[in-house]
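> Pasting the sequence and the predicted model now:
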Amino acid sequence: MPLVTRVTDLIGNTPLFELAATATGTRLLLKLEQFNPTGAAKIRMARAMVLDAERRGLLPDGGHIIESTSGNTGLGLAVVAAERGYRFTAVVDHHACKDKLRAMQAMGTELVYVADDGDDSLATSAREDLAEAMAAARADAYFTEQHNNDANAVGYYPVAEELLADLGHVDILLSAVGTGGSLFGTARRLKELGCHPRVIGVEPVGSIAFGGEGGPYWQSGTGTPPGATVGTAVDYSLLDEGLKVTDVDAFATARAVARRLGLLLGGSAGGSVHAALTRLEQFPPGSTIVSIVCDGGEKYLDTVFDDDWMTERDLLDESAERAAADLLDRYTPAARRNLVGAL
């Protein structure tokens, strides 16, 4: 690693972790985006959106960035704003992880809540409406509008380039869909570079991006809740299949991975891993499956990894955790199995 002078110079070149493998040579690899600054993938698109706004003359020197965020986009924008001399206001709700909100404030972000204390429901639509209105009322402000910003997906083009540099090819790209930028931006760039993976999106049960009845869910930073509009970053022309995973299964899988491997994943990544593990043997033999882990589990110690929080919301399910652990054991890669045996 060379000497760097900006935090954003540390973005990218995140590692791949072989989580699971079958006897037929199919393997599940995790692109661990928690090794980016802020511990999340979204700093990639936060930087891309600000640079794009600067190029197009939409953000004046010393201007004011405004965004609706559940946390990780806000963290990325907080870094970029601090580096480039902008004021940043994040419109948030109490559904967001408290540590994400505290970290944004530590970097000088102004937080504006759309709900009262004690209301921890997801308020995506209300957040976006307020952020848009605030930006319209300020001459020096720019609403980055992550769900409908073309630069969002472009920010993930380097993920595709890193995957091809490391692997040579990707057969299946399977990841959670929030704004859609990480999955579809990566998929688009892979196809531009001559790699044509099967693209599988994963969203929470209750999200409406892939159809079905909407409802509440607790997976943070992913999905499209009822009342919100599916953004333009969700590119259905690139999607081969859309899957839904319950909060219980997503969180049980994240908790099982932590206990079996010492790897902390966020709840939405747990959903993607659950989807991949439960159908691993359905994929063609020898397939290389990549799932983009958009953030780690350290930000969810007071939610997904807190038994009291989980119990209060009827999300704690020991049988689901055992089932996830059994899948991890069944598909332990040979290299890791041999290493454990040697120890």
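Everything's here; your move.
> What is the burial count for the nearest residue to Cys97 once chain neighbours are set aside?
Counting by Cβ to Cβ, 6 or more residues apart in numbering, Cys97 lies nearest to Lys299, which is 4.8 Å off, once chain neighbours are set aside. To be clear about C-beta, it is placed using only N, CA and C from the backbone, and glycine gets the same treatment. Close neighbours of Lys299, defined as other Cβ atoms under 10 Å, add up to 27.
> Look up how far Lys100 lies from Lys299.
6 Å (Cβ to Cβ, to the nearest Å).
> where do the contact lists of those two overlap?
Gly71 (Cβ atoms under 8 Å, 6 or more residues apart in numbering).
> Just to check, the residue nearest to Cys97 is in contact with Gly266?
Yes. With contacts counted by Cβ atoms under 8 Å, Lys299 reaches Gly266, the gap being 6.9 Å.
> burial of Phe318, as a residue count?
Just so we're on the same page, residue 318 is Glu rather than Phe. 9.
> Which residues are in contact with it?
Neighbours of Glu318 in contact, by Cβ under 8 Å, 6+ apart: none.
> and Val290, what are its bridge partners?
Beta-bridge pairing for Val290 (DSSP bridges): Leu29, Leu173.
> Now do the contacts for it.
Val290 neighbours (Cβ under 8 Å, 6+ apart): 16, 29-31, 163, 167, 170, 172-174, 197.
> All the helices of the stretch 201-343 of the chain, residue numbers only.
Assigned by DSSP state H, counting those that start in this stretch, the helices in the stretch 201-343 of the chain fall at 247-261, 267-278, 307-312, 318-330, 334-342.
> what angle sits between the second one and helix 318-330?
This means helix 267-278. 60 degrees (axes from the mean of the first three to the mean of the last three Cα atoms, to 10 degrees).
> Check which residues of helix 267-278 are buried.
267-278 (16 or more other Cβ atoms under 10 Å).
> From the contact counts, what lies against that helix?
strand 16-21, strand 27-32, strand 172-176, strand 198-204, strand 241-245, helix 247-261, strand 288-293, helix 318-330 (3 or more Cβ pairs under 8 Å, 6 or more residues apart in numbering; DSSP states H and E).
> ditto for the shortest one
With contacts defined as 3+ Cβ pairs under 8 Å, 6+ apart, helix 307-312 has no helix or strand neighbours.
> thinking again about what came up before, output the helices of the stretch 201-343 of the chain in CSV, with mean pLDDT and distance to Thr38 appended to each entry.
Formatted as CSV, the helices of the stretch 201-343 of the chain follow (pLDDT from 0 to 100; distance: least, Cβ to Cβ, whole Å):
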stretch, mean pLDDT, distance to Thr38
helix 247-261, 98, 19
helix 267-278, 97, 15
helix 307-312, 98, 23
helix 318-330, 98, 27
helix 334-342, 74, 29
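> Just list the residues touching the most centrally placed residue in the chain, thanks.
By Cα atoms, centre = their mean, the mean C-alpha position of the chain lies nearest to Cys294, the distance being 3.3 Å. Cys294 makes contact with 33, 40-42, 72, 175-176, 178, 182, 221-222, 266, 268-269, according to Cβ under 8 Å, 6+ apart.
> Just give the number of residues close to the closest residue in space to Val234 that isn't next to it in sequence.
Nearest non-adjacent residue to Val234, counting by Cβ to Cβ, 6+ apart: Gly180, 3.6 Å away. When neighbours are counted by other Cβ under 10 Å, Gly180 registers 28.
> where's Gly180 relative to Val202, distance?
12 Å.
> How about Thr24?
Taken as Cβ to Cβ, the span from Thr24 to Val202 is 23 Å.
> Between those two, which is the more surrounded one?
A direct count of neighbours by other Cβ under 10 Å for Thr24 and Val202 places Val202 higher, at 29 against 12.
> doesn't Val177 make contact with the more buried one?
Yes. At 6.6 Å, Val202 counts as touching Val177 under the criterion of Cβ under 8 Å.
> which neighbours do these two share?
Contacts common to Val202 and Val177, judged by Cβ under 8 Å, 6+ apart, are Gly242.
> Could you give the number of residues near the nearest residue to Gly231 once chain neighbours are set aside?
Among residues not flanking Gly231 along the chain, His147 sits closest, at 2.8 Å (Cβ to Cβ, 6+ apart). By other Cβ under 10 Å, 22 other residues sit near His147.
> CA atoms of stretch 138-146 as PDB?
Extracted in PDB, the C-alpha atoms of stretch 138-146 (Å, rounded to 0.1, in the frame of the first residue of the first chain):
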ATOM      1  CA  ARG A 138     -31.200  26.200  -0.600                       C
ATOM      2  CA  ALA A 139     -29.400  27.800  -3.500                       C
ATOM      3  CA  ASP A 140     -26.000  26.200  -2.700                       C
ATOM      4  CA  ALA A 141     -27.500  22.700  -2.000                       C
ATOM      5  CA  TYR A 142     -27.400  19.500  -4.000                       C
ATOM      6  CA  PHE A 143     -29.600  16.500  -3.300                       C
ATOM      7  CA  THR A 144     -27.400  13.500  -4.300                       C
ATOM      8  CA  GLU A 145     -30.600  11.300  -4.500                       C
ATOM      9  CA  GLN A 146     -28.800   8.000  -4.500                       C
END
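> Tell me which residues are up against it.
By Cβ under 8 Å, 6+ apart, stretch 138-146 touches 45-46, 49-50, 53, 58-60, 62-69, 73, 77, 128, 131-132, 134-136, 152, 179, 181, 231, 233.
> what residue ranges in the chain score low on pLDDT?
1, 339-343 (pLDDT under 70).
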